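In: Predicted model and sequence below, questions to follow.
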Amino acid sequence: MSLSDIVSVSITAQTRTPTQVGFGTPLIAAYHTVFPERTRIYESVTDMLTDGFASTDPAVLAATAVFAQNPRPEQVIVGRTENDEVKTIKVTPNSSDLRASKAYEVYLDGQLRYFTTDASPTVAEICTGLEAALEPPAWTISTSYTVGKYVTNDATPKKVYRCTTAGTSAGSGGPKGVGSGIVDNTCVWEYVGSDLSVKATDNTTYVTVEGDTVADDFRLYVSDPNILWTNDVTADGSPSGIAADLAAISVENDDWYGLISTNQGKAVVTAAAAYIETLKKIFVIASMDSDIAETGSGDLASALETAGYVRTMVIYHYKANEQYPDAAWVGKCLPKSPGSITWKFKSLAGVDYMTLTATKENNIRGKHCNYYTQIAGLSITQEGWTSGDEWMDITNGSDFICARMQEYIFGALANADKIPFTDKGIAVVEGQVWAVLRLAVKNDILVDDENLTVTVPLADDVPVADRANRLLPDVQFEGRLAGAIHAVTISGVVSP
């Protein structure tokens, strides 16, 4: 038997006016093999590195984003998932905005890889060039290379080089070492970085980038999301899908409230959102899905909006798997006292703002998705709503009232020798309800006015069967949300 079996609380938000409460610990759900159990609690990134995480592991990047905020949560729970699908991202040239003599740039694990178009670019040409840049072929002897060609050579580790002066390669050896100006017969090369464990496939109209293994959770973003679109199409794991992973994590440690998933694939996110909708928890996810900012309904934000999920909110960002704006947002908002914050207007440390056209902003808002932009020199989150057309504030506030009411009433039941099934005993329960409502008023969740009421039945009016089962039904309350101001309209008259 659980607490909800003893004290059942249901709240219906009848208006769409924001209030805010932040409580609980974030859960970072990530695939890794650092520890065998399902969860560990960390109070710093340093502790994660000491345990064996690498500084570039997705779980560490997400935790870094959480802990970079001020104030910040005191701790995070890192949950181990067992998704057995490799990370897969589609990179698609925007066919309606092809640029001549333009460098189409992709950052792969921090390395710049790019293809420069000619005077008459085509989508197929760009895809072919990006495939060779993202998964370069091995260097070969006595081969003619043009400027911009990528190759792999050298060893321990194998390295990537880019041709900076066209020519013919040597009969042996090839480029080695690091730096620029590396002479190879008549070719000149520059060192790009270590060879990365990804596979790039030219699909004619787009390039598919995949990790070599499940553990290869590479980072990828494009420098100009207007000309190169990205979509994370990583499949949900089978048989250990994200819902099964979250259930297993909760069995071991359920003391978390805000979910952050380092797996941002559409299939994974939609499955996680469906699972979270059944709980008193929330899910904040960043997506690089460029289709979110375009017309159409095949994108992640549209799918979640159609589902009407009020416990999940998406933030569109082209550096979703590099800077983890979702983790930064959770880290910024959860530590605040109940009622003291709205998820809009928040500046996120370590997150770059996006410059979006008015059309793209309207497309994003039209799908109840969020974004990070700059207004009057201040980088802020917009809009703070869930996929189900509800302010995240309301979801948080309702959860807070439910949790506190369960705790207060259970505390009264457990700490008393007995609360009799009489009007006097019922008044004890009523008093606990009022205590929680007064706390909600204090924290600016509810307004202290005539709308704030509690009604309880008289003992004699409770059905005999309920009294026999020791169930007190029909305890009800109403209250008006305190709300938050998100916009202001001012008019005035001035006279000489």
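Out: Sure, I can see it. Numbering: from 1, shown residues only.
In: Go through this structure and flag its longest helix.
Out: Longest helix in the chain, counting residues (DSSP state H): helix 392-415.
In: C-terminal to that helix, what's the next element?
Out: Of the helices and strands lying after helix 392-415 in sequence (DSSP states H and E), the nearest is helix 423-442.
In: Just checking: what are the partner strands of the following helix or strand past that next one?
Out: As assigned by DSSP H and E, the chain's next helix or strand after helix 423-442 is strand 453-455. Taking DSSP bridges as the criterion, strand 453-455 forms sheet pairs with strand 476-478 (antiparallel).
In: Now do the domain split for this structure, please.
Out: 24-84+234-340, 91-232, 393-478 (automatic domain parsing).
In: Mean neighbour count, those: which tops it?
Out: Most buried of the domains of the chain by mean neighbour count (mean count of other Cβ atoms under 10 Å) is domain 24-84+234-340; its value is a mean of 21. For every residue, glycine as well, the C-beta is placed using N, CA and C.
In: Quick one: distance of that domain to the chain centre.
Out: Offset of domain 24-84+234-340 from its chain centre (Cα atoms, centre = their mean, to the nearest Å): 5 Å.
In: next one: stretch 398-405
Out: Taking mean C-alpha positions (Cα atoms, centre = their mean), stretch 398-405 and its chain are 24 Å apart.
In: and P26, what does it touch?
Out: Residues near P26 by Cβ atoms under 8 Å, 6 or more residues apart in numbering: 66, 73, 76-77, 256-260, 327, 330-331, 334.
In: can you check A273 too?
Out: Going by Cβ under 8 Å, 6+ apart, A273 touches 283, 285, 304, 307, 309, 311-312, 387.
In: same thing with K176?
Out: Counting by Cβ under 8 Å, 6+ apart, K176 touches 153-154, 159, 182.
In: For P420, state which of the residues you listed is nearest.
Out: K159 (79.1 Å; Cβ to Cβ).
In: For that closest one, name its beta-bridge partners.
Out: N153, S194.
In: got a list of what G411 touches?
Out: By Cβ under 8 Å, 6+ apart, the contact set of G411 is Q432.
In: next one: D216
Out: Listed by Cβ under 8 Å, 6+ apart, the contact partners of D216 are 86-87, 197-198.
In: Which pLDDT value goes with it?
Out: D216 carries a pLDDT value of 88.
In: re earlier: between the domains of the chain, which one is nearest to Y372?
Out: domain 24-84+234-340 (5.8 Å).
In: and that closest one, what's its mean pLDDT?
Out: Averaging pLDDT along domain 24-84+234-340 yields 94.
In: how close does the spatially closest residue to Y408 that is not a sequence neighbour get to D184?
Out: In space, not counting the residues next to it along the chain, Y408 is nearest to Q432; the distance is 4.3 Å by Cβ to Cβ, 6 or more residues apart in numbering. Distance of Q432 to D184, given as Cβ to Cβ, to the nearest Å: 79 Å.
In: Where do the strands of the stretch 51-200 of the chain begin and end?
Out: With DSSP state E, counting those that start in this stretch, the ranges of strands along the stretch 51-200 of the chain come out as 76-81, 88-93, 103-108, 111-116, 144-145, 150-153, 159-165, 167-168, 182-184, 187-194, 198-202.
In: could the ones you listed be laid out in CSV, adding distance to E252?
Out: Output for the strands of the stretch 51-200 of the chain, formatted as CSV (distance: least, Cβ to Cβ, whole Å):
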stretch, distance to E252
strand 76-81, 8
strand 88-93, 29
strand 103-108, 34
strand 111-116, 37
strand 144-145, 54
strand 150-153, 42
strand 159-165, 41
strand 167-168, 59
strand 182-184, 51
strand 187-194, 36
strand 198-202, 32
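In: F410 is nearest to which of those?
Out: Nearest of the strands of the stretch 51-200 of the chain to F410, taken as Cβ to Cβ: strand 76-81 at 23.8 Å.
In: So, low pLDDT: which residues of the stretch 301-450 of the chain?
Out: Where the stretch 301-450 of the chain drops to pLDDT under 70, the residues are 337-340.
In: give me the element the residue nearest the centre of the chain is part of.
Out: In the chain, the centroid-proximal residue (Cα atoms, centre = their mean) is I285; its distance is 2.1 Å. Using DSSP H and E, I285 sits in strand 282-287.
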